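> Next come a sequence and a model predicted from it.
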Amino acid sequence: MMNKKQTLRVSYQNQNSWREIQSFLPQGYQLTDATMPKEECWTWRENQIHLDVYRNPSAKAKVILFHGVGTNGRQMTTIIGKPLAADGFEVIALDMPLYGETAVSRNMTVTFSDWVACGNDYVSYELSRDDRPVFLYGLSAGGMETYFVAAKNRKVKGIIGMTFLDQREKTVRMTTAKNWFWGTFGTALAALSCHMGLSKFKMKMGVCAKMNTLCNDEKALKAMLKDKTSAGNKVNMKFLSDYMTYIPEVEPEDFDVCPILLTQPENDGWTPEFLSDIVLDKIKKTAVKKVKLRNGSHYPIEAEALEDLHQYILEFIIENLE
């Protein structure tokens, strides 16, 4: 089988970075022994994909969480997974290959297309278990990944993104890159590196992207940047090249799969709303709603932002279950 549960090989129990990062969240969002997710391992293309899960056979819907290039699945669990599980939903947070506690096959050079394929296959896996509706939530690059997966799978009930970024757009590249040099030449340099046989060469995402704007709390940001499983991670040139040029199964003008919710942090210093508008304003064949998270960082740790995030997602899911 390409995708099945296996015995857990790695665990957040042996990692302290997430504990330090969650200490900056409001008390109610911090995991305790009583609210800790179960950890599962799902085999996909010889990779051991780590899952944080809140299984609930009586839940009316499942919510699958995707992180971005500066976060991991456990960080999704704390800000939104735990609250949604408390609402009675079944929630699963994936660690995509190269991030979190997922163990990557030595035979694989991970690309962004692999992330989309992994997300798509996992949605199909959950739908094969039962027919309960599936919603997707994604933060940062994970937001656009929800779109890519929905376009590919076409069986998703709704998608929610912290941002929706089409890196093929020059405005997006110039705004999200670390500086003018990376915004102007980064895509070409990544492609050239691959042509020169340097596909596997790894570089910290913080070198080319505005990782310094991930969170507006300096102490929290410092904790995230030193975490090698999230903001302090390295990715290969092939991943970068593919991420910057990925072509979706369906372009926004023709997207009609499911409704979309943008949860835009009010004080996002990395991806302002006009970048998501480039994608969302082209979508006319399904409902699109945009909301603001009060005082929120790109990775929101602020109480008002997290309260808004939870409430808007809850309302969106309930509305689209009817």
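Thanks, I have the structure now. Residues are numbered from 1 along each chain as shown.

> Do I have it right that residue 276 meets residue 164?
Yes. Counting by C-beta atoms under 8 Å, residue 164 is a contact partner of residue 276 at 4.4 Å. All C-beta spots, glycine's among them, are computed from the backbone N, C-alpha and C.

> Neighbour count for these two, which is higher?
Higher neighbour count among residue 276 and residue 164: residue 164, with 28 against 25, using other C-beta atoms under 10 Å.

> measure the more buried one to residue 148 for me?
Noted for residue 164: a distance of 10 Å to residue 148, by C-beta to C-beta, to the nearest Å.

> now swap in residue 189 and tell me
Residue 189 sits 23 Å away from residue 148, going by C-beta to C-beta.

> Neighbours of residue 186, how many?
When neighbours are counted by other C-beta under 10 Å, residue 186 registers 23.

> How about the one 4 residues further on?
Residues within reach of residue 190, counting by other C-beta under 10 Å, total 25.

> so it is in which element?
Following DSSP states H and E, one finds residue 190 within helix 180-195.

> Any regions of this protein where pLDDT drops low?
Scanning the chain for pLDDT under 70 picks out 1-9.

> which residues of it fall in strands?
Using DSSP state E, the strands of the chain run over 3-6, 38-44, 47-54, 62-66, 90-94, 134-138, 158-161, 202-204, 234-236, 260-265, 288-293.

> Could you export those strands as a markdown table, including mean neighbour count and distance to residue 75?
Output for the strands of the chain, formatted as a markdown table (neighbours: other C-beta atoms under 10 Å; distance: least, C-beta to C-beta, whole Å):
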| stretch | mean neighbour count | distance to residue 75 |
| --- | --- | --- |
| strand 3-6 | 12 | 23 |
| strand 38-44 | 18 | 15 |
| strand 47-54 | 24 | 10 |
| strand 62-66 | 26 | 10 |
| strand 90-94 | 26 | 9 |
| strand 134-138 | 27 | 12 |
| strand 158-161 | 28 | 16 |
| strand 202-204 | 15 | 18 |
| strand 234-236 | 19 | 17 |
| strand 260-265 | 24 | 14 |
| strand 288-293 | 18 | 16 |
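
> next one: the helix holding residue 190 to chain centre, how far?
Helix 180-195 has its C-alpha centroid displaced from the chain centroid by 23 Å (C-alpha atoms, centre = their mean, to the nearest Å).

> So which elements touch it?
helix 170-176, helix 205-208, helix 237-245 (3 or more C-beta pairs under 8 Å, 6 or more residues apart in numbering; DSSP states H and E).

> about what we covered before: mind putting the strands of the chain into CSV with distance to residue 303?
Shown next, in CSV, are the strands of the chain (distance: least, C-beta to C-beta, whole Å):
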stretch, distance to residue 303
strand 3-6, 36
strand 38-44, 27
strand 47-54, 22
strand 62-66, 20
strand 90-94, 21
strand 134-138, 19
strand 158-161, 20
strand 202-204, 30
strand 234-236, 32
strand 260-265, 13
strand 288-293, 11
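
> thinking again about what came up before, which other residues reach the helix holding residue 190?
If you take C-beta atoms under 8 Å, 6 or more residues apart in numbering as the criterion, helix 180-195 is touched by 167, 173-177, 199, 201, 207-209, 237-238, 240-241, 244-245.

> among these, which ones are buried?
In the contacts of helix 180-195, burial by neighbour count holds for 167, 173, 175-177, 199, 208-209, 237-238, 240-241, 244, counting by 16 or more other C-beta atoms under 10 Å.

> which among these gets closest to residue 229?
Of all the buried ones among the contacts of helix 180-195, residue 229 sits closest to residue 209, with 16.6 Å by C-beta to C-beta.

> Just give the closest residue to that closest one, not the sequence neighbours.
Using C-beta to C-beta, 6 or more residues apart in numbering and skipping residues adjacent in sequence, the residue nearest residue 209 is residue 178, 5.8 Å away.
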